[in-house]
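Colleague: Please find the sequence and the predicted model below.
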Amino acid sequence: AMLSGIASIFPLAEHRHCARHIFANWHKAHKGDEMKLNFWKIAQSYNLADMNDAYDELEKADEAAALSLRYITPNVFRRAYMSTSCKADVITSNLAETFNGYIIHARNKHLVDMMKDIRGQLMQRLVVKRKEMQQHTVLLCPRIQERLEKEKHEAAKCKVIPSSDTLFEVGYYLDTLTMDLDARKCTCRKWDLSGIPCCHVIACIFFCYGNAEDYVDESYTREMYLKTYSRTIPPLEGERHWPRVNMPLDPPPIKQLSKKGHNKRSCPNKGSTSAPAPPQPKRKRGRLKSTGEATTSTVHMHESQVHHDNTVEPGRIGKGGKVAYTSKGRERGATAGSIQASASGKERGRGRGKGKGRGNGGLPQGISVLFGSDGSVMTNVMPMSGQPVAGPPIEGNNNVSQGGSN
């Protein structure tokens with residue numbers, strides 16, 4: 001959407017990708033210093049001849065790497081395919097990253113405070129850059145002049161053969177190129193793309209006793225730089241000096257979303273067309289199966305210790321006549337066992353926990369009394385028949401059972 005919008009508003013603007021990011025993704029599968037050097041040779045080549053030579057070196061090193069690089073759109077990061085209408089040979093997003101680092105501290109603030117800081121920084125930057133350039137008296141910007149000086153040193157290695165007043169043939173090492181001063185074109189395409197004369201062009205300019213600075217694109221001149229930074233951002237008064245208006249502005253309502261959402265991944269009926277089954281009750285852990293389960297809450301007291309339980313079953317009494325449970329019905333304490341009598345009258349223990357009820361030829365210390373829902377009394381004393389001893393209902397609080405020591 002953004003690319004199509006920019007293309008409709010700025011139809012002549014060229015769209016490029018950052019070669020540094022493309023290399024980072026490509027280098028994950030094709031590692032090595034040789035891969036890195038060949039990639040940047042291909043990306044930074046100004047003409048097809050240099051690019052093809054770099055591709056041949058890459059194919060000799062790794063054919064798969066060269067093939068994968070060819071599938072990437074060439075005109076977005078290779079100089080050999082870029083348009084010469086825009087006098088810039090930049091193939092990275094360093095310009096944007098530089099500005100991003102310039103406002104790095106403002107980005108961490110609230111939106112309004114961030115915009116205020118960026119406005120203040122840009123307002124100051126326009127003045128500082130303009131004053132710095134006003135101190136120079138050269139025709140070109142300082143950095144452009146440095147690049148031009150390097151090309152001047154390389155121009156001494158060129159051999160110029162004139163064809164006319166503006167057309168020349170230039171020999172550079174083992175390569176031969178042509179150059180047109182009027183059209184401002186060179187076979188190497190470096191002057192065409194960047195707007196800064198290459199060494200071949202400078203050699204021809206010196207052959208004609210010209211000035212190389214006169215053939216640099218006007219966008220790099222000191223005059224154009226000052227025009228770029230001639231605009232100013234007006235200062236802004238603080239909020240205390242703003243006019244007051246009687247117009248309350250409330251923030252938009254905040255919607256609190258529930259954490260218990262329903263989605264396709266967590267839906268238990270995913271892929272089912274039938275009605276969902278009703279939820280099944282969870283079985284409590286720590287409960288022993290028994291047909292004589294009591295429904296009445298009981299309290300076991302022994303040696304000034306009280307333990308409450310809502311799901312006590314008859315016969316579940318451990319050592320010391322105490323039974324203790326957690327909130328989930330699990331036994332806790334030294335022992336939690338049930339005592340049953342065998343046909344021969346010997347006692348055997350069965351239960352869970354660290355200690356288990358063991359038959360020692362006698363009753364455990366302490367006897368507990370359990371009251372059922374019908375008022376009947378049950379104790380842990382087992383006769384030879386194996387059935388608990390039941391007695392008549394006892395008046396009073398039927399929810400208390402007392403334990404004593406033998």
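Modeller: Structure received.
Colleague: quick one: the helices in the stretch 151-300 of the chain?
Modeller: With helices called from DSSP state H, counting those that start in this stretch, the stretch 151-300 of the chain shows them at 190-194, 199-207, 222-228.
Colleague: so what pLDDT did the residue lying closest to residue 125 once chain neighbours are set aside get?
Modeller: In space, and not counting its chain neighbours, residue 125 is closest to residue 102: 7.9 Å by Cβ to Cβ, 6 or more residues apart in numbering. Every residue, glycine included, has its C-beta placed from N, CA and C. pLDDT for residue 102: 89.
Colleague: cool, and residue 75?
Modeller: At residue 75, pLDDT is 87.
Colleague: And residue 279, by the same measure?
Modeller: 62.
Colleague: re the thing from before, count the residues that sit near the residue nearest to residue 125.
Modeller: Residues within reach of residue 102, counting by other Cβ atoms under 10 Å, total 13.
Colleague: what about it, distance to residue 234?
Modeller: 21 Å (Cβ to Cβ, to the nearest Å).
Colleague: follow-up on the earlier one: would you tell me which of the helices of the stretch 151-300 of the chain gets closest to residue 136?
Modeller: helix 222-228 (6.3 Å; Cβ to Cβ).
Colleague: Can you tell me what sits against stretch 191-209?
Modeller: With contact meaning Cβ atoms under 8 Å, 6 or more residues apart in numbering, stretch 191-209 is reached by 46, 79, 82, 84, 87-89, 144, 147-148, 151-152, 154-160, 162, 165, 168, 170, 172, 177, 179, 181, 184-188, 190, 211-212, 215-217, 219-220.
Colleague: For the residue nearest to residue 125, give its distance to residue 230.
Modeller: Taking Cβ to Cβ, one finds residue 102 at 20 Å from residue 230.
Colleague: and if you look at residue 132?
Modeller: With Cβ to Cβ as the criterion, residue 132 and residue 230 are 14 Å apart.
Colleague: Who has more neighbours out of these two?
Modeller: residue 132 (12 against 9).
Colleague: Would you mark the buried spots in the helix or strand harbouring the more buried one?
Modeller: Applying DSSP states H and E as the criterion places residue 132 in helix 111-134. For helix 111-134, burial by neighbour count (16 or more other Cβ atoms under 10 Å) applies to 117-118, 126, 130, 133.
Colleague: Turn the helices of the stretch 151-300 of the chain into JSON lines, including mean neighbour count, mean pLDDT and distance to residue 249.
Modeller: As requested, these are exported to JSON lines (neighbours: other Cβ atoms under 10 Å; pLDDT from 0 to 100; distance: least, Cβ to Cβ, whole Å):
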{"stretch": "helix 190-194", "mean neighbour count": "22", "mean pLDDT": "94", "distance to residue 249": "51"}
{"stretch": "helix 199-207", "mean neighbour count": "22", "mean pLDDT": "95", "distance to residue 249": "62"}
{"stretch": "helix 222-228", "mean neighbour count": "14", "mean pLDDT": "94", "distance to residue 249": "38"}
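Colleague: Generate JSON lines for those, with distance to residue 17 as supplementary columns.
Modeller: Listed next are the helices of the stretch 151-300 of the chain as JSON lines, based on distance: least, Cβ to Cβ, whole Å:
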{"stretch": "helix 190-194", "distance to residue 17": "16"}
{"stretch": "helix 199-207", "distance to residue 17": "29"}
{"stretch": "helix 222-228", "distance to residue 17": "25"}
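Colleague: For residue 59, which of these is the nearest?
Modeller: Ranked by Cβ to Cβ, the member of those that lies closest to residue 59 is helix 190-194, at 25.0 Å.
Colleague: Just the C-alphas of the closest one, formatted as PDB.
Modeller: The C-alpha atoms that make up helix 190-194 are tabulated as PDB, following Å, rounded to 0.1, in the frame of the first residue of the first chain:
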ATOM      1  CA  LYS A 190      29.900   6.400 -12.600                       C
ATOM      2  CA  TRP A 191      29.500  10.000 -13.700                       C
ATOM      3  CA  ASP A 192      26.000   9.300 -15.100                       C
ATOM      4  CA  LEU A 193      24.700   7.900 -11.800                       C
ATOM      5  CA  SER A 194      26.500   9.900  -9.100                       C
END
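Colleague: burial measure for residue 110, as a count.
Modeller: Using other Cβ under 10 Å, residue 110 has 8 neighbouring residues.
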